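J.: pasting the structure only:
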């Protein structure tokens, strides 16, 4: 195992750090910190946790990732989807608001940190590849809808909770008559303001004379403007007395680094949710890291990323906070604002620490409706139903996996949703590989090429059947090949030789070898010969270690052309007939 | 769905049935029936069920399979492995000997019958391919050991039960001091007799003048001889009074066709065991059917087999008996004895019905130790540890799957054993396909062939990178390709064009398409061009339905040779350098 810190971009960058880099990083960190404060409060609320927990998740984890991570611009912290998953998992173990609920969040962060670290050390980053992009897209779209719906109660000032679409819609419709007027006013106004600024804010500011990048950054800090205005309004008109739910007192100070007492029982219950949160968080983070890295030709190493994110989550657990991961919007802001190195994240962490130390009293009158509006606007940008149409046109089977994931997430909740997606995509993959593509090939006139007899005019002789196997042979597809061969033999009794052209066979597993041995045994019994051509080096080396090669009824040929011409010459199949 | 009975071998054979076929079938049926009686009693005992239940499982199921199955010589009934699995599942729901225990066996047979039927009708026979042959061999070896150990108590006349190796060994060693002398005598004598006849019986009889086939058949009916001798000895010396456990009274008569009352709760508990029994039973049966079918050029249709076996299990449930499947030893005996059609199975069923009606009183004094000896000799022939060495030499990863299956089956029981085997073999397969083989290729001088630059002397130009992808692209391996390309690009900045040679790509799923789109976007940004060559028809048709082709930074070429020469000519990479 390579020790990751040795080549961390932070360590690299310290050597070449100069005044220019410092100014760029500092400027980016101020913008990111301004954006992170309301987001951290909002995602803590989404997970059902006290607001200061969200702030704590945006201090130590940023520093941990800065030291161990490989992306120079990724910004970690609480994100919408993992916060939703955290909340969903915690309702299983404790009552929202209880001490056990917060302890549960810390356990999730700790487990997630340990799992990510261990996977990184064991170099198991490739496992994330098994979460298909289609499944992730579907899951994000469905979760975003659930998140948006779960925040409707804060906008309307009602009690309406639920884990899936049906529960949420029912709860909201039942409670609709209890809507609080002032809360709704603030909520809808903030929503409208944020949507307006997101859609046309940048272009209006640009027309007003601001440079494009500055205009975009200001449009993106709309949440902070919303926070300040609604705090002032709530304070000025004493809206808290009129039923507007406010954030209230947030303890001033920094997190104490310690782990709370916890029971092994809750660890066991939270093991699977922690694994799912880790996987989803990791996949989201690595895709953000890769996208941004591509612009700078920066390679993101999947195993080192696991270690970086693991460290961030352990740091979060030690600060008494919830699971974190690399977030898309904040990383893009960091990148656009011109962050050069991970030092920008460290400055941002320091700024947020300062907010936690001195500015939390100013957030007392912040309406929860404002935070809900921030969440809704953020997640609705993740909803993308166009992918259903796109996959449908491309492949119905793929779109089925997508629909299963969306349906299970909306109807049965996030955990069942992810699991169903993973299982159905794997099942589809297995089904596809269990029927390998096998083509009968013949010689293209005047060349040494062999092509599919169905697509090209080729020469064949009736005594020799040449089959090109277009996939590695393994337990689930080997008997398919066997069936195919015997079907051909029963239809065409003239066949005396079968050549398997293995140019695309990269691997033959032991079960497939047994099938080939059985095939060869039956060939020998029936006086037929089984030949192989174009067997790849590594496959051949492995076959040579078995008795298979010595027992083979036919020969091993280097090229298909050699196999075909040799058989034709030796057995005087002298006039290769143009069969098709 | 094709109605299977229409082409059942039985229906076919009735048309051409003649005196010769009748004599052959009748002779075979007598031999099979003689062999089936002790086996049926023994496997019922192995499952912890009353002896008559074993006989019932060898009447109606044989007839059901004869009508609907596709193999002309397969003989169904209770077999060792599924009987062990049945016993293991039943101890979860009821006390051995209770009415609920028997009801549980019937539920298992019914569930198994329904599952097999449904899978056959839905044409899901291919699913059995996912049970790798390596896993099945390992599972059979380990289960056979457990079965043999579980019978030691009957040989020694002690109480020593358990579900796995450790429990059994501990129970036996604790009880060893309670060994019954007479039971052990009978048990060991029968064991020795059976082993001796199995190993050298046929050759001795042959030397005594009998023809080979007859000698082998007599040697295989050794269990019946053992049964008769030990019954006589037990009766003559009143061994039952000396502590020798006997079978005792077996009700005379035929099964009443009816299903007992049952609770939905036990159905739920037995659902997973029933699925495992069905899968294992089906895989064993189809492999026997295929092996025997190969000798007669008879094709065994996997989906029709599912329906045939499903019907046999439903028939077993209706006769109040346990799950059945096609057994190896009895089918081989049937085949060797000259059975021509499934009529032989029907005659055997009639003979066993006659035994149930008239001969069960004769079995009163049959010692359980004799049955245990029959089981032990039968299953020890299934133990094959040589496969560990063979797979180890061939592929360490494959042998790891094997060891996991053996270890889990021995240490944790049959259900965990099968499940671990399936999961680990699938995981290995997924791991392998997640890293597709990608080779850089170059032009072989004087030909139009492109080969791996590492293995052949080929022409390349530094501006063009040709990569041959040797596997279908799907979600779990697409990003591996992306990484590979960017690694090459970062190492060789001269590259302006990348050609992906897709001669072995049979499928590109939607997630892989997204990766290719992203790749193309980045290529366009960086002023590079991405080309494809030798894209297969079906893959091309699908790609054409997307915007990918129109957005492509490079071109689609029919052949790799055309792609390479075209780029060299257009961009005046005029002197293809011999790079390696």
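T.: Thanks, I have the structure now. As the structure is a computational prediction, the values presented were derived from the model and not from experiment.
J.: contacts and neighbour counts: CA atoms only from here.
T.: Fine.
J.: from the stretch 401-550 of chain A, which residue is nearest to chain B?
T.: Distance from chain B to each residue of the stretch 401-550 of chain A (CA to the nearest CA) is smallest for residue A:476, at 4.5 Å.
J.: which elements pack onto the longest helix anywhere in chain A?
T.: Among all segments of chain A classified by DSSP state H, the helix with the greatest residue count is helix A:264-295. Secondary structure elements in contact with helix A:264-295, counted by 3 or more CA pairs under 8 Å, 6 or more residues apart in numbering or on different chains; DSSP states H and E, are helix A:80-93, helix A:99-121, helix A:302-318, strand A:325-326, helix A:328-336, helix A:414-433.
J.: strand partners of the fourth one, parallel vs antiparallel please.
T.: Sheet pairing here is set by DSSP bridges, and for strand A:325-326 it gives strand A:76-77 (antiparallel).
J.: and the strand it pairs with, what's its mean pLDDT?
T.: In this model, strand A:76-77 has a mean pLDDT of 92.
J.: distance from the chain centre to it, please.
T.: 16 Å (CA atoms, centre = their mean, to the nearest Å).
J.: what residue spans form the domains of chain A?
T.: Described in terms of automatic domain parsing, the domain architecture of chain A consists of the residue ranges A:18-125+A:180-384, A:438-570.
J.: and these, which is most packed in?
T.: Scoring those by mean neighbour count under mean count of other CA atoms under 10 Å in any protein chain shown gives domain A:18-125+A:180-384 as the most buried, with a mean of 21.
J.: residue A:226 against residue A:369, yeah?
T.: No: in terms of CA atoms under 8 Å, residue A:226 does not count as a neighbour of residue A:369; the distance is 10.8 Å.
J.: now do the helices in the stretch 451-580 of chain A.
T.: In the stretch 451-580 of chain A, the helices defined using DSSP state H, counting those that start in this stretch lie at A:475-491, A:510-525, A:537-544, A:548-551, A:560-570.
J.: what packs against the second one?
T.: I take that to be helix A:510-525. Looks like helix A:510-525 contacts helix A:475-491, strand A:529-533, helix B:133-156 (3+ CA pairs under 8 Å, 6+ apart).
J.: want to throw those into a markdown table with mean pLDDT and distance to residue B:77?
T.: Compiled in a markdown table, these are given as follows (pLDDT from 0 to 100; distance: least, CA to CA, whole Å):
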| stretch | mean pLDDT | distance to residue B:77 |
| --- | --- | --- |
| helix A:475-491 | 87 | 26 |
| strand A:529-533 | 95 | 36 |
| helix B:133-156 | 90 | 18 |
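J.: ok, residue A:36 - contacts?
T.: Neighbouring residues of residue A:36 by CA atoms under 8 Å, 6 or more residues apart in numbering or on different chains: A:58, A:330.
J.: could you dump the helices and strands packed on helix A:264-295 into a markdown table and include mean pLDDT?
T.: Compiled in a markdown table, the helices and strands packed on helix A:264-295 are given as follows (pLDDT from 0 to 100):
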| stretch | mean pLDDT |
| --- | --- |
| helix A:80-93 | 90 |
| helix A:99-121 | 94 |
| helix A:302-318 | 93 |
| strand A:325-326 | 93 |
| helix A:328-336 | 83 |
| helix A:414-433 | 86 |
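J.: output the ones you listed in CSV; the columns should cover distance to residue A:568.
T.: Written out in CSV, the entries for the helices and strands packed on helix A:264-295 read as follows (distance: least, CA to CA, whole Å):
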stretch, distance to residue A:568
helix A:80-93, 64
helix A:99-121, 55
helix A:302-318, 52
strand A:325-326, 63
helix A:328-336, 63
helix A:414-433, 33
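J.: thought residue A:64 was touching residue A:316?
T.: No: with contact defined as CA under 8 Å, residue A:64 does not reach residue A:316; the gap is 9.2 Å.
J.: gap between residue A:249 and chain B?
T.: Shown here: residue A:249 relative to chain B, a distance of 46 Å by CA to the nearest CA, to the nearest Å.
J.: that residue touches residue A:366, doesn't it?
T.: No: the pair residue A:249 and residue A:366 fails to qualify as a contact (CA under 8 Å) at a distance of 10.0 Å.
J.: circling back to that earlier point, next, the angle helix A:328-336 makes with the longest helix of chain A.
T.: Angular relation of helix A:264-295 and helix A:328-336 on a 0 to 180 degree scale: 40 degrees, by axes from the mean of the first three to the mean of the last three CA atoms, to 10 degrees.
J.: just to revisit the earlier point, now do the spatially closest residue to the residue of the stretch 401-550 of chain A closest to chain B that is not a sequence neighbour: how many residues are near it, please.
T.: In space, not counting the residues next to it along the chain, residue A:476 is nearest to residue B:129; the distance is 4.5 Å by CA to CA, 6 or more residues apart in numbering or on different chains. Summarising burial for residue B:129: neighbours were counted as other CA atoms under 10 Å in any protein chain shown, giving 18.
J.: got it, and the one 3 residues further on?
T.: A total of 25 residues lie near residue B:132 under the criterion other CA under 10 Å.
J.: tell me the contacts of it?
T.: For residue B:132, the contact set (CA under 8 Å, 6+ apart) comprises A:475-476, A:511, B:422, B:425.
J.: which of those residues sits closest to residue B:58?
T.: Within those, the smallest distance to residue B:58 is 30.2 Å, found for residue B:422 (CA to CA).
J.: so the closest one makes contact with residue B:135?
T.: Yes: with contact defined as CA under 8 Å, residue B:422 counts as touching residue B:135 (7.0 Å).
J.: who's more crowded, those two?
T.: Neighbours per residue (other CA under 10 Å) separate residue B:422 from residue B:135, with residue B:135 holding more: 29 against 19.
J.: residues contacting the more buried one?
T.: With contacts defined as CA under 8 Å, 6+ apart, residue B:135 is in contact with B:401-402, B:405, B:418, B:421-422, B:425.
J.: equivalent analysis for residue A:466, please.
T.: Residues in contact with residue A:466, defined by CA under 8 Å, 6+ apart, are A:440-442, A:498-501.
J.: could you export those residues as TSV, including distance to chain B and pLDDT?
T.: What follows is the contacts of residue A:466, written out as TSV (distance: CA to the nearest CA, whole Å; pLDDT from 0 to 100):
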residue	distance to chain B	pLDDT
A:440	14	92
A:441	14	92
A:442	16	92
A:498	17	95
A:499	18	96
A:500	15	95
A:501	12	93
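J.: quick one on the thing from earlier: and the helices of the stretch 451-580 of chain A as a markdown table, adding distance to residue B:388?
T.: Output for the helices of the stretch 451-580 of chain A, formatted as a markdown table (distance: least, CA to CA, whole Å):
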| stretch | distance to residue B:388 |
| --- | --- |
| helix A:475-491 | 17 |
| helix A:510-525 | 11 |
| helix A:537-544 | 16 |
| helix A:548-551 | 17 |
| helix A:560-570 | 34 |
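J.: got CSV for the helices and strands packed on helix A:510-525, with distance to residue B:451 too?
T.: Converted to CSV, these look like this (distance: least, CA to CA, whole Å):
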stretch, distance to residue B:451
helix A:475-491, 26
strand A:529-533, 15
helix B:133-156, 34
